[in-house]
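Visitor: Okay, here's the prediction I keep looking at, along with the sequence it came from:
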Amino acid sequence: MNSWIEISEDSDFSIYNIPFGIFSVGDSGKRMGIAIGDQVLDIAELNSLGLLGHDIQQDIFENNYLNDFIALGKPVTSSVREKIQKELCDESSVLKENSDVFYDQSEVTMHLPIQVGDYTDFYSSIEHATNLGKLFRDPENALLPNWRHLPVGYHGRASSIILSGQPIHRPKGQTKPPEGDPVFGPCRLLDFELEMAFIIGKSSQLGDRISTGDAGDHIFGMVLFNDWSARDIQKWEYVPLGPFLGKSFASSISPWVVTMDALSYYKVAGPVQEPKVLPYLQYEGDKNYDINLQVSIAPEGGEETVISNSNYKYMYWNQEQQLAHHTVNGCNVNVGDMMASGTISGKDEHSYGSLLEITQAGKKSLTLIGGEERKFIQDNDTLTLRGHCKKDGRRVGFGEVSAKILPAKD
Ligand code: CA
């Protein structure tokens, strides 16, 4: 495919991508767009020009969220994406002479793309689960007995999922010093978690199960996901019911939703699962995705230091298995639900997806490019996750999710 738009080779938003997002410009209302190169194409305007087909109501596109569009179903959303691709490759397209439909990404305001109904966080990287087991439990038997038999997860908090760029105040909470009584105050061990999340594109009915074979029909696309974690709060509160306030203060996502249509070109085989999983978790074909992931940290006014390079393909449990497991008891899912992967760590210390692992829970320090040292995130640090696929010269990326940590509120 060749577009008449100038797109640099290292752009995440190539003609093969066409990710959907919600933007506004000046005091215009929120509307749907796609990212192409360093521009945003106004899809609402394309629909009013009659270029998208399907006779879709204009308020689907002049909308605060993508949910209504996604709910039209993949036959429609995939066809809309293909029509946009064709238009951007057609030398005789009316868009070529129409400057009203394009904006520089630098001049638009991006908004949270999805109204997230429910948010679930999995724990599906075997390297991450093993690292944590070694740190906090038994180095010889790091994985708990259930781990290789089911994709462990918990129900998270949807209300505090926020868009990249929105700063976050350091959370306060209750912690327990090694000696003495619990205390209340700002979190001291603030961490990130390198994750990705998939978005439900087709609802299911209460009581019904989604099989691994059908799961793909229910998944619309993906975003980068930073599951901010207050390790000291988490450590004291999590027994016996799991994560609570140490996680729920904020999770940041990237603004552009990259479709599974765009990502299907980058499918790869997942790790061999041993022992063999129960029949409802068995699957056929390549279900992992080769997505390069990177984490960097920058102190106030300082340079970014890359602190991890990981990959989504390391996931032990894939999306189809996660969704099959999530619904195996009859739990229904809805369009706009968000399912995060869990921290994505690789085998070596340069591919760990959290500071907890990188600094061995604060036993070691990281030295940043400017010479400063870090064990956990300090006030005014900015944390950025990036992700992209690349194969045969085709690049499809997510851009970034970035946020600055502000001091705790009084
Ligand atoms: Ca997590």
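Guide: Happy to help now that I have it. It should be emphasised that the depicted structure is a prediction, and the values quoted were computed from it without experimental measurement.

Visitor: quick one, what contacts the closest residue to the ion within the stretch 201-350 of the chain?
Guide: Across the stretch 201-350 of the chain, the shortest distance to the ion (CB to the ion) belongs to residue 227, at 3.7 Å. (Each C-beta comes from the backbone N, C-alpha and C, glycine too.) Taking CB atoms under 8 Å, 6 or more residues apart in numbering as the criterion, residue 227 is in contact with 121, 156, 192-193, 195, 247, 251, 340, 343.

Visitor: Keep only those of those residues that are also close to the ion.
Guide: For the ion, the contacts drawn from the contacts of residue 227 by CB under 5 Å from the ion are 121, 193.

Visitor: export the contacts of residue 227 to JSON lines and tack on neighbour count?
Guide: Below are the contacts of residue 227 laid out as JSON lines (neighbours: other CB atoms under 10 Å):
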{"residue": "121", "neighbour count": "26"}
{"residue": "156", "neighbour count": "22"}
{"residue": "192", "neighbour count": "28"}
{"residue": "193", "neighbour count": "26"}
{"residue": "195", "neighbour count": "28"}
{"residue": "247", "neighbour count": "24"}
{"residue": "251", "neighbour count": "27"}
{"residue": "340", "neighbour count": "26"}
{"residue": "343", "neighbour count": "28"}
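
Visitor: from the contacts of residue 227, which ones fall inside strands?
Guide: Counting by DSSP state E, these place 121, 195, 251, 340 in strands.

Visitor: Redo those residues as a markdown table? Include pLDDT.
Guide: As requested, the ones in strands among the contacts of residue 227 are exported to a markdown table (pLDDT from 0 to 100):
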| residue | pLDDT |
| --- | --- |
| 121 | 98 |
| 195 | 98 |
| 251 | 98 |
| 340 | 98 |
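
Visitor: so which of those comes closest to residue 138?
Guide: Nearest to residue 138 out of those is residue 121 (CB to CB; 23.7 Å).

Visitor: Spit out the contact partners of the closest one.
Guide: Residue 121 makes contact with 153-154, 156, 195, 227, 243, 247, 340, 342, according to CB under 8 Å, 6+ apart.

Visitor: residues in contact with the nearest residue to residue 361 once chain neighbours are set aside?
Guide: Nearest residue to residue 361 in three dimensions, chain neighbours excluded: residue 135, at 5.4 Å (CB to CB, 6 or more residues apart in numbering). Applying CB under 8 Å, 6+ apart to residue 135 gives the contacts 356-357, 360-361.

Visitor: May I see the PyMOL selection of the buried members of those residues?
Guide: The PyMOL command for the buried members of the contacts of residue 135 (criterion: 16 or more other CB atoms under 10 Å) is given here:
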select buried, resi 356+357+361
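
Visitor: Now do the phi/psi pair for residue 110.
Guide: phi -90, psi 150 (degrees, to the nearest 10).

Visitor: before we move on, the earlier item: can you tell if the helix or strand the residue nearest to residue 361 falls within touches the ion?
Guide: For residue 135, the host element (DSSP states H and E) is helix 126-136. No. Using CB under 5 Å from the ion, helix 126-136 never reaches the ion; the gap is at least 8.8 Å.

Visitor: Can we start the residue count at 788 from this point?
Guide: From this message on, residue numbering opens at 788, which makes the last subject helix 913-923.

Visitor: buried sites along that helix?
Guide: For helix 913-923, by 16+ other CB under 10 Å, it's 913-921.

Visitor: between those, which is closest to residue 1137?
Guide: Distances from residue 1137 to the buried residues of helix 913-923, taken by CB to CB, are shortest for residue 914, at 12.1 Å.

Visitor: Correct me if wrong, but residue 1023 is in a helix.
Guide: Yes. Counting by DSSP: H, G, I helix; E, B strand; the rest coil, one finds residue 1023 located in a helix.

Visitor: check contacts around it.
Guide: Listed by CB under 8 Å, 6+ apart, the contact partners of residue 1023 are 961-963, 969.

Visitor: Look up how far residue 1035 lies from it.
Guide: According to CB to CB, to the nearest Å, residue 1023 and residue 1035 sit 15 Å apart.

Visitor: ditto for residue 958
Guide: Distance of residue 958 to residue 1035, computed by CB to CB: 9 Å.

Visitor: Which of those two has more residues huddled nearby?
Guide: residue 958 (21 against 17; other CB atoms under 10 Å).

Visitor: Quick check: the more buried one vs residue 1127, distance?
Guide: Counting by CB to CB, the gap from residue 958 to residue 1127 is 18 Å.

Visitor: ok, now residue 1088?
Guide: 31 Å.

Visitor: helices or strands next to the longest strand seen in the chain in the packing?
Guide: Using DSSP E, we find that the single longest strand of the chain is strand 1181-1193. Here strand 1181-1193 touches strand 955-956, strand 1006-1013, strand 1038-1040, strand 1045-1046, strand 1169-1178, going by 3 or more CB pairs under 8 Å, 6 or more residues apart in numbering; DSSP states H and E.

Visitor: give me that answer again for 7 Å
Guide: In this structure, strand 1181-1193 packs against strand 955-956, strand 1006-1013, strand 1038-1040, strand 1169-1178, with contacts taken as 3 or more CB pairs under 7 Å, 6 or more residues apart in numbering; DSSP states H and E.

Visitor: Could you dump those strands into TSV with distance to residue 1114 added?
Guide: Converted to TSV, those look like this (distance: least, CB to CB, whole Å):
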stretch	distance to residue 1114
strand 955-956	32
strand 1006-1013	12
strand 1038-1040	22
strand 1169-1178	27
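
Visitor: Lowest-scoring secondary structure element of this structure by mean pLDDT?
Guide: Ranking every helix and strand in the chain by mean pLDDT, DSSP states H and E puts helix 913-923 at the bottom, with a mean of 93.

Visitor: Would you pull up how far that one lies from the middle of the chain?
Guide: 21 Å (CA atoms, centre = their mean, to the nearest Å).

Visitor: What of stretch 1096-1114?
Guide: With CA atoms, centre = their mean as the basis, stretch 1096-1114 stands 13 Å off its chain's centre.

Visitor: Stretch 1118-1138 too?
Guide: The answer for stretch 1118-1138 is 7 Å, by CA atoms, centre = their mean.
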